[in-house]
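Enquirer: turn this into a structure:
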Amino acid sequence: MNSEKEKLILFIKQNQPILSQEQALAIAEFFEEKTIKKGEIFLSEGQISNEYYYLETGCARSHTINIEGEDVTTGLYSSNTIVCELMSFFMRIPAQENYQTLCDSKLWYVTFETLQKAFHSLPAFREFGRALLVNEYGKLKLRTLSTLHQTAEERYANLLKSSPDIFQHAPLKNIASYLGITDTSLSRIRKDFAKR
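Expert: Now for the predicted structure:
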């Protein structure tokens, strides 16, 4: 096994269990390593996304400026997840968000051009890619519905359970923004949870 890509290969197999070890290795070969320092913006609003990332270690966020001129966190990403502005990447249109690391991060990426070659040359890559797209769409749908069906406390609890490392690296204002609540509300919720 390629020890450098061990976590990437494991991620591939977890997302597409029917793949053999050889197929997972073949998919991983298309990815290249990148390290990004804390605070760096690796995709800016207005650019066309050309890289699809697997975040091996670290944390990142996506954000935009709303009509009131406020910085709004639209996504929080922890280790062992995909980070990509999917609309920009696949539709080749300018991104409407910025993507920034919250700590020093190690990522594996595949470019749009390489992804197209992989889709056409390796059927296993197509299956893996399809599974990831379905998963990412599902996460987006669940996040949208959570803002309608869950309390702020429930959204906080879910984020704490699914991505505890976010709380070690993301400023509280980013977490509050992502949860759709004020900094004051987040402080109250955190105090309530600490008492339990």
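Enquirer: so what sits opposite the residue nearest the centre of the chain in the bridge?
Expert: Compute the mean C-alpha point of the chain, and by C-alpha atoms, centre = their mean the closest residue is Val83, 3.3 Å away. Beta-bridge partners recorded for Val83 (DSSP bridges): Tyr53.
Enquirer: ok, which stretches of this protein are helices?
Expert: For the chain, the helices defined by DSSP state H occupy 6-15, 21-28, 86-91, 112-121, 123-149, 152-162, 166-169, 172-179, 183-195.
Enquirer: would you mind measuring from Ile9 to Thr114?
Expert: Distance from Ile9 to Thr114, counting by C-beta to C-beta, to the nearest Å: 17 Å. C-betas here are computed from N, CA, C, even on glycine.
Enquirer: out of these two, which sits in the busier spot?
Expert: Remark: of Ile9 and Thr114, Ile9 carries more neighbours, 21 against 16, as counted by other C-beta atoms under 10 Å.
Enquirer: so that one makes contact with Glu22?
Expert: No - if you go by C-beta atoms under 8 Å, Ile9 and Glu22 don't touch, sitting 10.7 Å apart.
Enquirer: burial check on the residue nearest to Glu153 when sequence neighbours are not counted, number of neighbours?
Expert: Excluding the flanking residues, the one nearest Glu153 by C-beta to C-beta, 6 or more residues apart in numbering is Ile189, at 5.6 Å. Here the number of neighbours of Ile189 (other C-beta under 10 Å) works out to 20.
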